[in-house]
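S.K.: Build the 3D model from these lines:
(chains A, B and C, ligands or ions: 2)
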Amino acid sequence: MKSFFLKQRYLIDFTLSSLLRRSGKNIGLLLVYTLIVFMLASVMLFTHALRNEAGHVLAESPEIILQRMIAGRHDLIPGGYLEKIGQVRGVMEKHGRLWGYFFDPAIKANYTLMVPRDRSLGEGEIVVGAGIARTRGVGIGDILSFRSADSRTFSFRVMDILQSDSELVSSDLILLSEAQFRDFFGIPEGFYTDLVLRVRNPKELRTIAEKLTLKLPDTRPILRDEIMRTYDSIFSWRQGIVFILMAGAILAFVIFAWDKASGLSAEERKEIGILKAIGWETADVIRMKFWEGFIISISAFLLGYLLAYLHVFYASAGLFESVLKGWAVLYPEFQPIPYIDGLQVATLFFFTVFPYTVATIIPIWRAAITDPDTVMR
Amino acid sequence: MLFSPSIMALVLVSATVSLLILMAAAFALQVTLRWDIHSGSERQLQLERRTYLISTIVAYSFTAELVALLLFIYNAEQMSSQFVGAMCATGVLNINEFGWPTLYLKMAVFFAGAVWLMLNYADNRAYDYPLIKIKYGLLLLIAPLVVAELLVQVSYFSALDPDIITSCCGSLFTPEGEGVAAEVSGVEPATALYALAGSGVSILITGGWFLVRGRGAVAFAALNSIGFFVALIAIVSMIALYVYEHPHHHCPFCILKGGHEFIGYYLYIPLFLSTAFGLGAGVIAPFAKYPSLQQIIKADSRRYVTAALMLMLCFYLVAGFAVGTSSLTMMEVWW
Amino acid sequence: MQTIKLEQVKKIFHQGRPNEFCAIHGIDLTIEPHYTTVLKGPSGSGKTTLLSMIGCLSRPTSGRITIGGDMLSGLPERFMTEIRRKTFGFIFKQFNLIKGLTVLENVMLPAYPLAPNHAALKQHALQLLDQFGLVSKATLNVEFLSGGEAQRTAICRAMINDPEILIADEPTANLDTKLSREFMALIQQLVDQGTTVILTSHDPEVYESPVIDRVVEMRDGLLESL
Ligand SMILES: Nc1ncnc2c1ncn2[C@@H]1O[C@H](COP(=O)(O)OP(=O)(O)O)[C@@H](O)[C@H]1O
Ligand SMILES: [Mg+2]
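M.R.: Ligands and ions are numbered 1, 2, ... in the order given. Model (predicted):
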């Protein structure tokens, strides 16, 4: 056992020195390899961070949202429905919500307007998300003016700017009072955008939802868990699509690796011939080459992953932010919480190191079976 | 559903490994048919050199499969958030009829690959390669297993429908249910404890006997394999309860969760490795009858039996630790 | 140390193909321990081919080679290598040192697969370098060596695993007369230490040297005289 490790040490020693001796050739391989790892790892870390972020948001959102449907479309829901629901076992709290979207032609972006429940705002007062403050260049105390649908101009004083750890959601948010909201959008008293219900025991969710559809046939309950599940599969699906798009790159890399491994220089060929002649066995050469691949793979993997980590978590994934996130103008300064996931690392390993290793098996074997008497000729 | 990167990785590995193993099997067939150890011809030399390729391919493939087995379970764990009713891997495996067979086939490939490599390792050190036909014959048998794993796994993943409401450990591993899982969960914890102790002692005795006398490797392998199943049953019927500190939660997968300090991995990894070494020792032992293999197999099986014993000991220690540090007390209820 | 016996050894290249070529036509030869033997003959007579079969670098197409009664010729390559690295040390016509490595590393290289204790191995290598006057060059890369130094490095490398038999294929082909003589003197040192030496050469400096006990002449894959 001890001699086994000692032998591997000798082989690794030799491999390291031979890699350094041919650093020119190997640097090219290392660069391409690192780039592949970097690209895939960036995608994975980024989508994963997005999903986490979404999870954070959803964690605070209500368990059930009740929407009224008219002709298959989402419509305003009368506050009276709250009484119609009456007492349902398991529902701890229920109330109506007011929210909507507003398109600001000045910066060509959509805002989310919302009436907060935990904050009371007076006439002409708003609180804006950091993204809006940034793009419109406003600070606390400044005035923002919007034109409502019926062409009236509303001026609001910015009372506060939302500082949230999940900027992804609050970035485009505007909070205002109920009266202002109704006035601005022309929503009559007694109607809400939707109703929300809080439920403590997740096991009762489905039964509650069923009861709701029975009591209020023109409504649709949306379960938070369901959204979460959809998010989960959408994000892994998105990642998958990107990976399929990158399959070409991976394939090219595999061919490149195969080519590098089989295109031994005359000098390398001679070196292996010498090793075999002076007493290295075919299996020793294969092992030595295995370590070579291992060292290259580990270096490229760690380097690529580290770069991707820095890229996503410290450089706000600058390279493809707008591609994957979906809205451009107001985009938040996305600073996700750094996070490494074992499943991700293993998956990434199978998309990079595994293909590389497989591609080099046959070239390595070919090199290793060099006749030991070649150097005599 | 097939589009998740981890699923794609798993399919990629299985497909690649199947291809590699089929290739190795084809080489193996060639080698077996034309093998003539006494010939000094160039063709014989080429065949001998092929054996290196076959060994390398199998070793790499097997390592990949081993990592893939872990990834498969880990992935199932993580996907449980995407299915209604799934709380852990059990629910995800339950989604369609191919889930459990995929897991079993992966386990079978793991053990077959491990045993084959041990056989190959011994044979490669005997100057006349006495087992060449046997080991390559065996490889031809393993190849379909690997391909079956690929097919079943693809069927499993492609039939993963997020709309299916699956049933999880709560309903599968419960004494009130039906089927093997229920039977296993229904085993009295006391019975499981005695069986576990009995099997541990018998493994220790046969292993010790082998190390002292150099005989009984097959018996050891058999008992070690039985011990494997006993251990699995004990995990479901008893150890899990202590880990969860809940007298009715029997799931063999939830113990893999971070909330339980990943203790499942510390239980399963030594257990699986021990069984693989035990099996290896048992499979190679009969071939000690070949003169050129006698010394090699003697040394190898000692090493494997020792490793199997140590790993089994690890399993028992971890299991003991889990039970010992648990705040679940079932003293009056069970014994 | 044991006797090497060749019986009806034949070597055919590219067997069964149109360019089939019989390089050794069936040779019987016995090489006694502690003798210094030289295989002499014109270029293309099969010296190298025969030497590589004796040294377990290649296998005869037919015939038997035994060493101390153990069959070598029927062994798979793997086991030939095992015997080779314990029994033989090799010096090649071109020195075949690995460029970019130091003298010391080159000398230690044949021992790597045997995984000896590193300190002991280094000690042994330095001792050999000392014996052949190369200690001062130990950390020098081999491409900076002169012909004679490279040759001596090759000798050290051949001796690192303490082989019983030293095999050298036209060792003086790249050396001038003076260096050739020096080389034969070094061989004398090794012979005095009890090493069996087998060389090939058509250089009179070699086969007429007093170190040589026996000259075996070859022509067209056959022995001319014993
Ligand atoms: N690998 C080979 N393939 C084909 N022919 C070879 C090979 N090696 C040597 N030969 C032939 O065998 C003959 C003997 O070669 P060799 O042993 O190198 O002679 P020497 O060392 O006496 O000069 C030569 O005619 C050479 O062309
Ligand atoms: Mg020659």
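S.K.: And the helices in the stretch 51-200 of chain A?
M.R.: Per DSSP state H, counting those that start in this stretch, the stretch 51-200 of chain A carries helices over the ranges A:80-85, A:130-136, A:167-170, A:178-185.
S.K.: Turn those into a markdown table, columns for mean pLDDT.
M.R.: Formatted as a markdown table, the helices of the stretch 51-200 of chain A follow (pLDDT from 0 to 100):
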| stretch | mean pLDDT |
| --- | --- |
| helix A:80-85 | 80 |
| helix A:130-136 | 81 |
| helix A:167-170 | 62 |
| helix A:178-185 | 87 |
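S.K.: closest one to chain B among those?
M.R.: helix A:167-170 (19.7 Å; Cβ to the nearest Cβ). Yep, even glycine has a C-beta here, placed from its N, CA and C like the rest.
S.K.: quick revisit: between the helices of the stretch 51-200 of chain A, which gets nearest to C:A168?
M.R.: helix A:167-170 (74.8 Å; Cβ to Cβ).
S.K.: So which bits of stretch A:70-89 are buried?
M.R.: A:75-78, A:81-82, A:85 (16 or more other Cβ atoms under 10 Å in any protein chain shown).
S.K.: hmm, back to that, let's have the helices of the stretch 51-200 of chain A in a markdown table, adding distance to chain B.
M.R.: Shown next, in a markdown table, are the helices of the stretch 51-200 of chain A (distance: least, Cβ to the nearest Cβ, whole Å):
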| stretch | distance to chain B |
| --- | --- |
| helix A:80-85 | 24 |
| helix A:130-136 | 29 |
| helix A:167-170 | 20 |
| helix A:178-185 | 35 |
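S.K.: ok, back up a step: looking at the buried residues of stretch A:70-89, which is nearest B:M23?
M.R.: A:D75 (62.5 Å).
S.K.: Contacts made by stretch B:134-145 with the rest, please.
M.R.: Stretch B:134-145 has contacts (Cβ atoms under 8 Å, 6 or more residues apart in numbering or on different chains) with B:21-22, B:24-25, B:28-29, B:31-32, B:54, B:58, B:105, B:108-109, B:112-113, B:116, B:119-120, B:123, B:287.
S.K.: Filter those down to just the buried residues.
M.R.: The neighbour-count test (16+ other Cβ under 10 Å) marks B:21, B:24-25, B:28, B:31-32, B:54, B:58, B:105, B:109, B:112-113, B:116, B:119-120, B:123, B:287 as buried among these.
S.K.: so of the residues you listed, which ones are in helices?
M.R.: Secondary structure assignment by DSSP state H places B:21, B:24-25, B:28, B:31-32, B:54, B:58, B:105, B:109, B:112-113, B:116, B:119-120, B:123 of those in helices.
S.K.: if I look at the residue nearest to A:S120 when sequence neighbours are not counted, how far off is B:S202?
M.R.: Once flanking residues are discounted, A:S120 sits nearest to A:S177: 7.1 Å by Cβ to Cβ, 6 or more residues apart in numbering or on different chains. Plainly put, A:S177 is 77 Å away from B:S202 if you go by Cβ to Cβ, to the nearest Å.
S.K.: pLDDT weak spots in the stretch 51-200 of chain A?
M.R.: Along the stretch 51-200 of chain A, the parts satisfying pLDDT under 70 run over A:164-169.
S.K.: which residue does it bring closest to chain C?
M.R.: Closest to chain C within the stretch 51-200 of chain A is A:N52: 47.9 Å, counting by Cβ to the nearest Cβ.
S.K.: interface residues of chain B facing chain C?
M.R.: Residues of chain B that fall close to chain C, judged by Cβ under 8 Å from any Cβ of the partner chain: B:37-38, B:40-43, B:45, B:48-49, B:124, B:127, B:129.
S.K.: Most neighbours among those, which one is it?
M.R.: B:G40 (23 neighbours; other Cβ atoms under 10 Å in any protein chain shown).
S.K.: mind checking how far it is from ligand 1?
M.R.: For B:G40, the distance to ligand 1 equals 15 Å [Cβ to the nearest ligand atom, to the nearest Å].
S.K.: what do you get for A:A149?
M.R.: Here the distance between A:A149 and ligand 1 works out to 90 Å (Cβ to the nearest ligand atom).
S.K.: Pretty sure that residue sits against A:F185.
M.R.: Yes: if you go by Cβ atoms under 8 Å, A:A149 and A:F185 touch, sitting 7.0 Å apart.
S.K.: neighbour-wise, which of those two wins?
M.R.: Per other Cβ under 10 Å, whichever of A:A149 and A:F185 has more neighbours is A:F185, with 18 against 9.
S.K.: How about the contacts made by A:L121?
M.R.: A:L121 sits next to A:127, A:159, A:175-177, A:180 when contact means Cβ under 8 Å, 6+ apart.
S.K.: if you set the cut-off to 10 Å instead, what comes out?
M.R.: Contact analysis of A:L121 by Cβ atoms under 10 Å, 6 or more residues apart in numbering or on different chains lists A:115, A:127, A:156-157, A:159-160, A:175-181.
S.K.: hmm, back to that, tabulate the residues of chain B next to chain C in a markdown table, adding columns for secondary structure and pLDDT.
M.R.: As requested, those are arranged in a markdown table below (DSSP: H, G, I helix; E, B strand; the rest coil; pLDDT from 0 to 100):
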| residue | secondary structure | pLDDT |
| --- | --- | --- |
| B:I37 | coil | 82 |
| B:H38 | coil | 82 |
| B:G40 | coil | 79 |
| B:S41 | coil | 83 |
| B:E42 | helix | 84 |
| B:R43 | helix | 86 |
| B:L45 | helix | 87 |
| B:E48 | helix | 90 |
| B:R49 | helix | 91 |
| B:N124 | coil | 90 |
| B:Y127 | coil | 86 |
| B:Y129 | coil | 88 |
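S.K.: Any regions of chain C where pLDDT drops low?
M.R.: Residue ranges of chain C with pLDDT under 70: C:1, C:225-226.
S.K.: Cheers, nothing more for now.
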